[in-house]
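Visitor: sequence first, predicted model second:
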Amino acid sequence: MDLSLDESQQILVDTFAELLEQECPVSLVRECEKTGFSEALWSQYREMGANVMGLPESVDGLGMGLLELGLVAQRSGRVLAPVPFVETAVAGRLLAAIAPGDPLVARIAAGEAIVSLALPRPHAVTGTGSGRTGRALVPFGAVADAVVGIDAEGLFVAEDAGKRRGPRLRDAGSGALAWWSLQRGEGAAPRALATGDEARRAMARASAEWKLLTGFWLVGLAQRALEIGADYARERIQFGVPIGGFQAIAHPLAECAIRVDGAELLAQEAAWAEAEEPDRFEGLCSMAFAWAAQTALRTADVSLHTHGGYGFSEEYDIQLYYRRAAAVPGVAGGAREELQRVAELCLAPERAALGGA
Amino acid sequence: MDLSLDESQQILVDTFAELLEQECPVSLVRECEKTGFSEALWSQYREMGANVMGLPESVDGLGMGLLELGLVAQRSGRVLAPVPFVETAVAGRLLAAIAPGDPLVARIAAGEAIVSLALPRPHAVTGTGSGRTGRALVPFGAVADAVVGIDAEGLFVAEDAGKRRGPRLRDAGSGALAWWSLQRGEGAAPRALATGDEARRAMARASAEWKLLTGFWLVGLAQRALEIGADYARERIQFGVPIGGFQAIAHPLAECAIRVDGAELLAQEAAWAEAEEPDRFEGLCSMAFAWAAQTALRTADVSLHTHGGYGFSEEYDIQLYYRRAAAVPGVAGGAREELQRVAELCLAPERAALGGA
Amino acid sequence: MDFRLGPKADEVRREIRTWLAANFSEEDRRRAHEDGGGHDWDLYRKLAAEGWVSAGWPVEMGGGGRDPYEILTLYWELCKAGFPWIGLLNNGFIGHTLMAMGTDHHREHFVPRIASGEIAFALGYSEPGSGSDVASCRTMATRDGDDWRINGQKMWTTTGHTAQYIFMLTRTATLDRPHKGLTVFLVPTDAEGVDVQPVHTMGGERSNAVYLSNVPVSDSARVGEVDKGWSVVRFALGLEQAMGYADLQERFLEDARRWALAEQADGGLPFDDPRVREQLGQTAIHTEVARLLRHRSTWLSAESRPLGGKGAMTKSFSGSSYLEDAQAWTQLVGSAGLLAEGEDGAVAGGAFEEAFRQTPVNTIYGGTVEILRSLVAEVELQLPKSR
Amino acid sequence: MDFRLGPKADEVRREIRTWLAANFSEEDRRRAHEDGGGHDWDLYRKLAAEGWVSAGWPVEMGGGGRDPYEILTLYWELCKAGFPWIGLLNNGFIGHTLMAMGTDHHREHFVPRIASGEIAFALGYSEPGSGSDVASCRTMATRDGDDWRINGQKMWTTTGHTAQYIFMLTRTATLDRPHKGLTVFLVPTDAEGVDVQPVHTMGGERSNAVYLSNVPVSDSARVGEVDKGWSVVRFALGLEQAMGYADLQERFLEDARRWALAEQADGGLPFDDPRVREQLGQTAIHTEVARLLRHRSTWLSAESRPLGGKGAMTKSFSGSSYLEDAQAWTQLVGSAGLLAEGEDGAVAGGAFEEAFRQTPVNTIYGGTVEILRSLVAEVELQLPKSR
């Protein structure tokens, strides 16, 4: 057992921490509230090679593993970085694995394309999955050049963003969310990537990876939200003492600290399981995502509440965290929908339809 | 608007409070842990006319309304009285309304019979309803002389307890729970009471009344559990001060006090609605039951926890309350199952199958 | 027992609904929603012209003599309709307070002008360093001959940018005994040295910070005795308590219900999912309990019975259950549920998204749930003061 | 990173499972369950004969030199199997403590006899008036020549009726500085003046109250210096922390899963109900997180890294999430779920019913969640001491 990062992982974390401290102050996040995306920051990410980290070396990538990608996502989540790091990494890995010669792989490697995913079956209740209505809510869809999706005919990638891409949508704060029309009959025909079980397996895999990396992102969000709340609780004086000395303030923060540690360990375990316990990998990704989503919302809520009225004010940062804590996981259906997947994948894998996750 | 009890209602409450202080000390509840029923106390109830309170005057009853019956149930719940007051009242009202000439009506009026109900569809998940398997878990079934049930053929009353009645079951603490076999082919034939819509309407009504009166019973339980917890919090000294001065102890108790007040108001409103807002009656009964069940468990849990290790000890009374807070509403499927009924009855009555509640 | 608000309240409900249908268009609602300031002079003056602003004041003071159930109903319907009613609410509190604790000058000079819709008041209790601990107020009022000068800063002065006056708590003596040495003034917002700056919130409301730099205030604007301001503020806060948000919870429940029973793109009904039914059932119960607790507060007040901790119970339950429901729905409905009103694909008119952003503040303003729970513990359960 | 406990732990898991299969029958399990005392001399001595009692002690002290992952696995498997293991657990703590803080006499006289399974220890910290506030201990040890006399009462002395000794905290000086003036003794349960009385609990466990009336205790039975007992108890409590109940949570999850995937009387599977799946998913996550936090505590200890508040985190999370799950299931499964093991119609072998009765205590003993949360707030978040 070894629960520490190795030296190269620590260097990666430190490097991104330093970059983001410089290049992603909270003022940038505020400037991007109306677009959910910073071209300038994404360009910094590309300079660091973030777009090729997930690609295998065979296609000029850095061939990093999910844990390394997760660590970058976690640092990104801490500062709410408005860039499609997770989407590009996951779509790139998917494409490189199933269609390494696809021109998009080279464009991702060159930093020329943003590719996202239409997650399958993101919600049983509100029916926003691509399979149902021919269109899908796509994370960073408003800035994506291409989207990978799946339907009855198989796995495909749709470009022709001019025709297919809807405008950036206002929501509680998830980023550059947009509808993509994925009807095969519209615009340029989508490029087929795979069919049948191969298609479903590839999409299930990509979906698990998206959830895992987004889970890391939410762990970062929760860690920072907790720090913001604890800092405030130490400094804010009411009734002559710091409010952090009141159990009604201290205990909920402590409970969040515990849950956040658990969320980090769970995400790390899922990333580790990819190679070491592959049978548990998708189930652990689902757990990591659901728990990170629950923990991020609870922690942001407790931290916001710790601030009293100020948490509610746009001037304070914690409301930026609170809104994203619900909106970001919402793209995959939200925390409660994910619990269904956890039950299926972890407790009754024989009943979880292949690729249904 | 008038949220106070009238004089005769107050006298009823005071009378039962006095009776129960004398006749139902907690030592009696402990003595009855293995049977869930006290013949001696039930005989005291009968002397007070409790068995005829709910029967109409036309069959020698006292013709009391649901609010009055609820007030008696609430006082009974405070002291965890191990008597089938609620069941007898509800079954008596049902029989008197639909078959006033049935011999059981006279036997109830004479205090000679305990009659209970096999609640329809008590649980969608574990399937313990009478309609499914030909047998049902019956509250106070272990001491009942007859049980009213419903199946595809209609509403019926089954006697022949010797053949149909199972032994008293051990559970977390609901009372004299037992299985009743309600197969028509076994033992003496059940007596048909009604068929079709009339049967379903009568059973839906009785079910609503059972939930309402049990809701009152649970409100009483919760009120007493809260008092026990608050008393302990004022008296128990740790770190040199009463533990009730710690927010981690005081705030959960305060939150329970609020919920308990809400549960009492809701049960009273439902009882009032019988005559005054009949369209809302069954929905309000369902709400009152679900909320009383949630509140009773939460309050008993908070109070038990307030006691530290002592709450867990059999010597202390609070564990008696904690166990019944879950077990008593469990007979109708439990708090979460009831939320399904609330949604159907209150928000989509056109979708709630007649009699299905 | 009788759980009806009564025929007079029913009549008010009909009247105000008719009035809203005629005077408050969907466009007005949307404008008020976007503005977020909580007050609209045009609409307000129309309301005042019908006598609604002073409806709850005694007839002998020029009011409408309406009973508490009628006023509850008036507020309920305005709030549910999305009417910008904060000004009305504040003016109700202040009018009552001036009638009870003000001077003849206040009653003659201010009360009729409130009633006619000419002037409005904002509340000035909170400060940057003084939130839950209201009595730690540091805005100073110092003698200037017979009159006063005020220096300091107020926070969360909602409607401060549209109101003519702020009902303001100030410190007139040293801090060593926090509840002593406080005094209340009616401070004109157009006085020299008053600077009102907007504070925007996550929920879309616009509140204000008010900077006070050597602001001259006449002694006749003082409410209550010098250094005895705490009792004045307690009176006004007491009026504000005991309401909660059951009206908003009811609207939220109606929105959720409408969505759950409407066919989705795939032909299914959300209502057919047991998780949706469970959440609807829970939301319906919370709404009913919040309504009953508010009705009880109103009944106690109508009967002149002591409120004890029951006002605090009302607000604490309503604020926390509404937040709990909003977050539970958010976690259930996923992305589409988080699209804002008007966006392509938004469900329930954006109700889930809006409630998610708006509900956290309900556990804060007018007394945090922590303050209220401590109060309930002390008053209703006789527990020691909790630290 | 590596999340495996490692091959040695895997080997222990195989060994102990094999041993349990051969030595711990279903009838043994049922008897232990009904007895509730947490210790069975016959079974315990068989375990000791295999070297498991001292498995985690250093080889140079006669122990098995097993690493913390192996000991974790040993405890995990015994606990999950329903083995009466409290005696083993206590003896592990006390053995470690005597080796670290005891005298040569203790190491020679007690340690080998613990290892051989000859003697067992119970813990005597709590008192009727001293629960969370352990340092408020009032059981007095007074000088009697070179030796001591003890008077007072201990509470929650589980296994006190089967153990030969109680590791007991006493007060040897006045109460004005609670953490000073405490001393630890090894008190024989067969000494004159010791009266052990059963305390039965809702969860079916049997604990004890111990009355001490002028009990003579030799000075050689003293552990640590006079008046310095607080550090001895802190050391032993530290060993007890950082475990939690993830093993029990795992067993509960397995029981719930088995039930959910088995056909019911009506032919349906509970698993097909989304509420059941949601609750299973949540329970699975809580179990995994509790397991990971416990593994982390073990890893920190194996690496000799500072534990900080992370032991408290482990127990606080595990205790409260297990209780939350047990109550959520109780509210979902209704009556049949509340039938006790063995009753006609009981589901999941009575697992829901039993967890409902047993889980509340997990948020209490070994440190209440309130005490643990205050510790986490102070140590991990640098918040002030919370009152």
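Guide: Arrived safely.
Visitor: residues contacting the nearest residue to C:Met155 once chain neighbours are set aside?
Guide: Residue nearest to C:Met155 in three dimensions, not counting chain neighbours: C:Ser126, with 4.6 Å by CB to CB, 6 or more residues apart in numbering or on different chains. Just so you know, the C-beta spots here come from the backbone N, C-alpha and C atoms, and that holds for glycine as well. C:Ser126 sits next to A:309, C:134, C:154-157 when contact means CB atoms under 8 Å, 6 or more residues apart in numbering or on different chains.
Visitor: what is the neighbour count of residue 330?
Guide: Reading this off chain A. Counted by other CB atoms under 10 Å in any protein chain shown, the residues lying close to A:Gly330 total 36.
Visitor: nope, chain C please
Guide: Residues near C:Thr330, counting by other CB under 10 Å: 27.
Visitor: how close does it get to C:Asp272?
Guide: As judged by CB to CB, to the nearest Å, C:Thr330 and C:Asp272 stand 21 Å apart.
Visitor: and whatever helix or strand A:Arg280 lives in, does that touch chain B?
Guide: Taking DSSP states H and E as the definition, A:Arg280 sits inside helix A:278-306. No - Helix A:278-306 stays clear of chain B (CB under 8 Å from any CB of the partner chain), getting no nearer than 13.3 Å.
Visitor: now that helix: average pLDDT?
Guide: Averaging pLDDT along helix A:278-306 gives 98.
Visitor: helices and strands around it, which ones?
Guide: helix A:196-235, helix A:247-276, helix A:318-330, helix A:335-342, helix C:310-337, helix D:274-302 (3 or more CB pairs under 8 Å, 6 or more residues apart in numbering or on different chains; DSSP states H and E).
Visitor: how about those helices, which one is nearest B:Glu57?
Guide: helix C:310-337 (37.9 Å; CB to CB).
Visitor: pLDDT of that closest one, averaged?
Guide: Taken as a whole, helix C:310-337 has a mean pLDDT of 94.
Visitor: tell me who's in contact with the residue of the stretch 51-200 of chain C at minimum distance from chain B.
Guide: The nearest approach of the stretch 51-200 of chain C to chain B comes at C:Tyr69, 6.3 Å away (CB to the nearest CB). Residues near C:Tyr69 by CB under 8 Å, 6+ apart: B:1, C:5-6, C:8-9, C:298, C:302.
Visitor: which ones among those residues lie within helices?
Guide: Judged by DSSP state H, the subset of these located in helices is C:8-9, C:298, C:302.
Visitor: about what we covered before: narrow the contacts of C:Tyr69 to those that are buried.
Guide: The neighbour-count test (16 or more other CB atoms under 10 Å in any protein chain shown) marks B:1, C:5-6, C:9, C:298, C:302 as buried among the contacts of C:Tyr69.
Visitor: please determine how far C:Gly181 is located from D:Ala336.
Guide: Using CB to CB, we find C:Gly181 at a distance of 65 Å from D:Ala336.
Visitor: more neighbours: these two, which one.
Guide: Taking other CB under 10 Å, C:Gly181 and D:Ala336 do not tie; D:Ala336 has more neighbours (26 against 20).
Visitor: confidence score at residue 38?
Guide: If you meant another chain, say so; for now it's chain A. Listed pLDDT for A:Ser38 reads 97.
Visitor: that was the other one, I meant chain C.
Guide: 95.
Visitor: check A:Arg351 too.
Guide: A:Arg351 is given a pLDDT of 76.
Visitor: quick one, what contacts it?
Guide: So A:Arg351 contacts A:344, D:271 (CB under 8 Å, 6+ apart).
Visitor: my guess is C:Glu250 contacts C:Ala81. True?
Guide: No - using CB atoms under 8 Å, C:Glu250 is not in contact with C:Ala81; the gap is 11.7 Å.
Visitor: was I right about A:Glu186 contacting A:Ala158?
Guide: No - if you go by CB under 8 Å, A:Glu186 and A:Ala158 don't touch, sitting 9.2 Å apart.
Visitor: comparing those two, which residue is more hemmed in?
Guide: A:Ala158 (28 against 15).
Visitor: sec struct for the closest residue to C:Phe235 other than its chain neighbours, please.
Guide: Counting by CB to CB, 6+ apart, C:Thr97 is the residue found nearest to C:Phe235 once chain neighbours are left out, at 5.7 Å. With DSSP: H, G, I helix; E, B strand; the rest coil as the basis, C:Thr97 sits in helix.
Visitor: measure C:Phe167 to chain A for me?
Guide: C:Phe167 sits 18 Å away from chain A when distances are taken as CB to the nearest CB, to the nearest Å.
Visitor: what does the helix or strand where C:Phe235 lies contact?
Guide: Per DSSP H and E, C:Phe235 falls inside helix C:229-240. With CB under 8 Å, 6+ apart as the test, helix C:229-240 has contacts from C:92-94, C:96-97, C:100-101, C:123, C:125, C:134-135, C:167, C:169-170, C:172, C:179-180, C:182-184, C:223-224, C:307, C:311, C:366-367.
Visitor: try stretch C:191-204
Guide: A:312-315, A:319, A:322-323, C:33-34, C:36, C:150, C:155-157, C:160-161, C:187-189, C:206-217, C:354, C:357-358, C:360-361.
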